[in-house]
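Peer 1: Following is a predicted model, sequence given first.
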Number of protein chains: 4
Amino acid sequence: MDSPTATILLSCPDQQGLVAKVANFIYSNGGNIIHADQHTDFSTRIFLTRIEWQLRNFNLPREVIAPAFGAIAKPLNAKWQIHFSDTVPRIAIWITKQDHCLLDLLWRWQARELPAEIPLIISNHLELQPLASQFGIDYHHIPITGATKQTQEEKQLELLAHYKIDLVVLAKYMQVLSSEFVARFSNIINIHHSFLPAFPGANPYQRAYKRGVKIIGATAHYVTEDLDEGPIIEQDVVRVSHRDVAADLVRKGKDLERLVLARAVRLHLQNRVLVYQNRTVVFE
Amino acid sequence: MDSPTATILLSCPDQQGLVAKVANFIYSNGGNIIHADQHTDFSTRIFLTRIEWQLRNFNLPREVIAPAFGAIAKPLNAKWQIHFSDTVPRIAIWITKQDHCLLDLLWRWQARELPAEIPLIISNHLELQPLASQFGIDYHHIPITGATKQTQEEKQLELLAHYKIDLVVLAKYMQVLSSEFVARFSNIINIHHSFLPAFPGANPYQRAYKRGVKIIGATAHYVTEDLDEGPIIEQDVVRVSHRDVAADLVRKGKDLERLVLARAVRLHLQNRVLVYQNRTVVFE
Amino acid sequence: MDSPTATILLSCPDQQGLVAKVANFIYSNGGNIIHADQHTDFSTRIFLTRIEWQLRNFNLPREVIAPAFGAIAKPLNAKWQIHFSDTVPRIAIWITKQDHCLLDLLWRWQARELPAEIPLIISNHLELQPLASQFGIDYHHIPITGATKQTQEEKQLELLAHYKIDLVVLAKYMQVLSSEFVARFSNIINIHHSFLPAFPGANPYQRAYKRGVKIIGATAHYVTEDLDEGPIIEQDVVRVSHRDVAADLVRKGKDLERLVLARAVRLHLQNRVLVYQNRTVVFE
Amino acid sequence: MDSPTATILLSCPDQQGLVAKVANFIYSNGGNIIHADQHTDFSTRIFLTRIEWQLRNFNLPREVIAPAFGAIAKPLNAKWQIHFSDTVPRIAIWITKQDHCLLDLLWRWQARELPAEIPLIISNHLELQPLASQFGIDYHHIPITGATKQTQEEKQLELLAHYKIDLVVLAKYMQVLSSEFVARFSNIINIHHSFLPAFPGANPYQRAYKRGVKIIGATAHYVTEDLDEGPIIEQDVVRVSHRDVAADLVRKGKDLERLVLARAVRLHLQNRVLVYQNRTVVFE
């Protein structure tokens, strides 16, 4: 399995022969499929698939693969992406003051759990700059106020372009991105510290405590212009009891946030997540 | 442990010596405590306790226990209840057409998991009457329309009085009780088919499917005049994936509903649940 | 999706073009695939797949499908099965005295969660005969002693043949089947009341209590000649605490047993489970 | 709650008046109980309790508390300990080459989740020395071979004495301690990377993969002279599927190990764990 691989993610209106057509493309060019999965949403008649194959001995030169597959995908009226495993995606992590999600991502990155480069950290505060230095990652301090938000988002977009960022991970970044920002950079994963759609918005732990819930959760989702309404990638929960005050919910929740965000980022980096109609298909 | 037991549930403003005072009452009268638990909510300075002791060799005659303890509780400004394990509470189960929660409760009742009598089933439909007959339980058909609701609730209250019901269990009873009803009969447990406060109200599974959540849940709570806002007794969840359509969520949810409702009813019957400020303390 | 479907389960040595070959067989004959999933075990180079398609408008007559596919499968050196959704499998449930798993399976069967017929219940005791009558299912009482085991297993095999049974579900059947029996009838699912491989054999709850575990489990597996060593289909767990005595473990465990066994039986009936090398692939 | 507190952990043969006697001791000396919990094991007639109270305004000078309580405990034939919240326990973390549990403990320590000092790290390898330096913790490299084990354990015991260590945490220390060592230093918590009693000993993930389990786990326990047989403090599990190879089990397991070990250490540091008969009572 040490050959580089190509992965196609595709969605299109359902019709006969889709699995065969995609599989034939790989097979007829000498590719060895190592993962293939598909899903049909019968309520909307949408077909979605993920197919990954080894590039060693594949007969098409790499630069020809996309156009060749495009010729197959076009009559299917398909949306599709192709990814090569040796083209490592570049992540920017955005944070405020809390370090748990950042540290967890960096530790997993070092442990080679996350197939990515992390050249950039952006924060509206200075507290975590030493952590960035320790890992040798550039840290840009971009404070945000109501008045400066628009200007600062321009700066942020410039940084993303400069560092050739493919994915922004909001690892407890306690600011809302503007619709304009999201329209211009769309690959953003956020961790929300509740079991959405319960407790969207601010202070979910305090509200969970007040409501007296017996289980709390965390949700990783893609960011859309509607706050906390984007497609959910991963969720998890943990039990709480009457003995847990709001501070205990925060503490227990931090463990959830770390796990849920890391799982979602990893799934995204492995090109296992397909979005349609504000939902995700996760090809695990 | 085959002696009958007495259980006191008490809540009062926190102050020194509460554990000692309650324990001394039992000890000085020769009682053997078999369970004692307490909780202090430091944000509200409320103390809550559950204490259970064997009545065998207890020096106070049963009819004197409550007044004797009342003399201790009064200066503490306490709210309290006392229950005797050989006074078996009487349950009415209310249903509409779905049988899974009803059947589960009846099976547990037969298996002696629920220390209660179940003399009464009320339904706004006729479908499940045969099930009631099979278990030898009276079944009252009380259909509800907007126009008849008030009259029919009177009938329901009369039935509860006639059958000396202590606890109403809404086991998928798809009608909202009026505030007047709840004001007049307050011991009601409901099962809601979502992880509250997510998806309150109607059609939670369809809405969960539409939102694309990765986990669904069920919630058992006491009924208050605010729909789906009462104190939560128990919750649980199960994973779902993109392969699960709304019908799968319903199917998986039914298993959750059965378990969560049964646990909540059992905890209530064992006098393990104390309510304060729209929250529960569950002394497990 | 109301057309009947055909499902192929196949395993073979991994090689290029397997997905394409199977998909082409369906597509070239006009079939519409509604589920396809595959897995490659790279440590053993075994490829496994499940593919389901609608029979409406499929060009091959039903009796020709198997031989036609066989011609494709043979050069692949594949083991494979084909199932038609309108050929309903027939289950025999075997029990001893405990009713919880039996009742749960029967309730799900009535609720149409289990696509099967249940014409036969076998027990080494008489206690649950009334339950069988109530559901209109034949009940055969076959007591077992050390001396009679061999003779009685002959009777059991005759009953399985007579009732044309496809699957035996051991729903808390507290007897060990002989190797000879298992060699002659191999489609058997058992529920073991522990988290295997912890606590195989007798009295798992008592041993779990004694060991002081904080979580207990249940395991559904295919039966092989090695007791509790067969391929695991499904497992689940529940938390316990020091407050739970052995009887509480039994009570909590019964809920697990019901859920885990029902899930495993349903997965089997949907032809989602493939066994290889004492492991299962579950195509959910 | 900012007053220092005292906590008594006590176990003794069950008898009447135990709760009252302990509570009276606190109350009569002016203490304010903030947590009290007890448990009776009826099969062995053992009573266990944890009681915590604020020292502010407590009438007994600190050095008198233990002897005064001892006078009460003696006629009860009780084993007991007393802990003061402002006497911070001292931890030594022992590791080999894996960093995940160590890093997690250190992060929680910095985040003030673990009320302890961590002055000492011991390892039989050198790899993680830089991590220790980074956190300013002394790192002692004590390699172990069969021949040197006895001598090296003497060194380890000297270090524990020198650093006044109260608790040893084996955070993936891949060496077995001798019975002699355990007899001389008994407060040791280990994390085992399986759901005990499943897969004790070496290579649990590989064996779990081979067995085809659907759930894996981790177990934190006190170390006794019987390997992997000590009293269990905490366990947790995570689902795996046929898609997870042994390396995925290791990866998923690392997250479990971190969480389970950290929870166990925290519970121990909060004096919430009482051991009797190779079991734990965890007063959460």
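Peer 2: In hand now; what should we look at? Numbering: from 1, shown residues only, chains lettered A, B, ... in the order given.
Peer 1: secondary structure class for the residue lying closest to residue A:137 once chain neighbours are set aside?
Peer 2: In this structure, residue A:137 finds its nearest non-sequential neighbour in residue A:121, 5.4 Å apart by C-beta to C-beta, 6 or more residues apart in numbering or on different chains. Where C-beta positions appear, they are placed from N, C-alpha and C, glycine not excepted. Of the three states, residue A:121 takes strand under DSSP: H, G, I helix; E, B strand; the rest coil.
Peer 1: what about residue A:121, neighbour count?
Peer 2: 24 (other C-beta atoms under 10 Å in any protein chain shown).
Peer 1: Tell me the bridge partners for it.
Peer 2: Note on residue A:121: beta-bridge partners by DSSP bridges are residue A:93, residue A:139.
Peer 1: Also residue A:13?
Peer 2: Beta-bridge partners of residue A:13, as defined by DSSP bridges: residue A:46.
Peer 1: got the residues of the stretch 1-150 of chain A near chain D?
Peer 2: A:99, A:100, A:103, A:107, A:111, A:113, A:134 (C-beta under 8 Å from any C-beta of the partner chain).
Peer 1: quick one: which of the residues you listed is nearest to chain B?
Peer 2: residue A:113 (20.2 Å; C-beta to the nearest C-beta).
Peer 1: Can you tell me which of the residues of the stretch 1-150 of chain A next to chain D end up in helices?
Peer 2: The helices, defined by DSSP state H, take in A:100, A:103, A:107, A:134 from those.
Peer 1: OK, contacts around the residue nearest to residue A:209 when sequence neighbours are not counted?
Peer 2: Distances taken as C-beta to C-beta, 6+ apart put residue A:246 closest to residue A:209, at 4.2 Å, once the chain neighbours are dropped. Going by C-beta atoms under 8 Å, 6 or more residues apart in numbering or on different chains, residue A:246 touches A:205, A:206, A:209.
Peer 1: now, among those residues, which is nearest to chain B?
Peer 2: Nearest to chain B among these, with distances taken as C-beta to the nearest C-beta, is residue A:209, at 8.8 Å.
Peer 1: any idea how far residue B:281 is from the closest one?
Peer 2: 13 Å (C-beta to C-beta, to the nearest Å).
Peer 1: Kindly report the same for residue A:246.
Peer 2: 16 Å.
Peer 1: cool, residue A:25 as well?
Peer 2: Distance from residue A:25 to residue B:281, by C-beta to C-beta: 62 Å.
Peer 1: neighbour-wise, which of these two wins?
Peer 2: For residue A:25 versus residue B:281, neighbours defined as other C-beta under 10 Å are more numerous around residue B:281 (24 against 21).
Peer 1: Validate this expectation: that one resides in a helix.
Peer 2: No - using three-state DSSP, the secondary structure at residue B:281 is strand, not a helix.
Peer 1: for it, what are its contacts?
Peer 2: When contacts are taken as C-beta under 8 Å, 6+ apart, residue B:281 is in contact with A:242, B:39, B:48, B:273, B:274.
Peer 1: 10 Å instead?
Peer 2: A:212, A:241-243, B:9, B:11, B:37-39, B:41, B:46, B:48-50, B:231, B:272-275 (C-beta atoms under 10 Å, 6 or more residues apart in numbering or on different chains).
Peer 1: what separates it from residue B:46, distance-wise?
Peer 2: Taking C-beta to C-beta, one finds residue B:281 at 9 Å from residue B:46.
Peer 1: Ignoring the adjacent residues along the chain, who's closest to the residue of the stretch 101-250 of chain A found nearest chain B?
Peer 2: Nearest to chain B, among the residues of the stretch 101-250 of chain A, is residue A:212, at 3.4 Å (C-beta to the nearest C-beta). Once flanking residues are discounted, residue A:212 sits nearest to residue B:279: 3.4 Å by C-beta to C-beta, 6+ apart.
Peer 1: Just give me the neighbour total for the one you found.
Peer 2: 17.
Peer 1: is it true that the residue nearest to residue A:137 touches residue A:134?
Peer 2: No - between residue A:121 and residue A:134 there is no contact, the gap being 11.3 Å when judged by C-beta atoms under 10 Å.
Peer 1: Pull up the overlap in contacts between these two.
Peer 2: Both residue A:121 and residue A:134 are in contact with residue A:106, where contact means C-beta under 10 Å, 6+ apart.
Peer 1: backbone phi and psi for the residue of the stretch 101-250 of chain A closest to chain B, please?
Peer 2: Phi and psi for residue A:212, reported as degrees, to the nearest 10, are phi 70, psi 30.
Peer 1: same deal with residue A:118?
Peer 2: Backbone torsions for residue A:118, taken as degrees, to the nearest 10, come to phi -120, psi 80.
Peer 1: mind listing what it touches?
Peer 2: A:90-93, A:102, A:105-106, A:109-110, A:132, A:135-138, A:163, A:165, A:167, A:169.
Peer 1: related to what we said a few turns ago, anything in contact with each of residue B:281 and residue B:46?
Peer 2: B:11, B:39, B:274.
Peer 1: quick one on the thing from earlier: what's the ChimeraX syntax to select whichever of the contacts of residue B:281 are buried?
Peer 2: Buried subset of the contacts of residue B:281, written as a ChimeraX selection, criterion 16 or more other C-beta atoms under 10 Å in any protein chain shown:
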select /A:212,242 /B:9,11,37,38,39,41,46,48,49,50,231,272,273,274,275
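Peer 1: Which residue is the nearest non-sequential neighbour of the residue in the stretch 101-250 of chain A that chain C sits nearest to?
Peer 2: In the stretch 101-250 of chain A, the residue that lies nearest chain C is residue A:239 (7.9 Å; C-beta to the nearest C-beta). Spatial nearest neighbour of residue A:239, chain neighbours left out: residue A:215 (5.6 Å); criterion: C-beta to C-beta, 6+ apart.
Peer 1: cool, residue A:123 as well?
Peer 2: In space, residue A:123 is closest to residue A:95, 4.9 Å off (C-beta to C-beta, 6+ apart).
Peer 1: these two touch, right, that neighbour and residue A:102?
Peer 2: Yes - shown here, residue A:95 and residue A:102 form a contact pair, counting by C-beta under 10 Å, at 5.1 Å.
Peer 1: Quickly list what's touching both of the two.
Peer 2: A:121, A:123, A:128, A:131, A:132, A:169, A:171, A:172, A:173.
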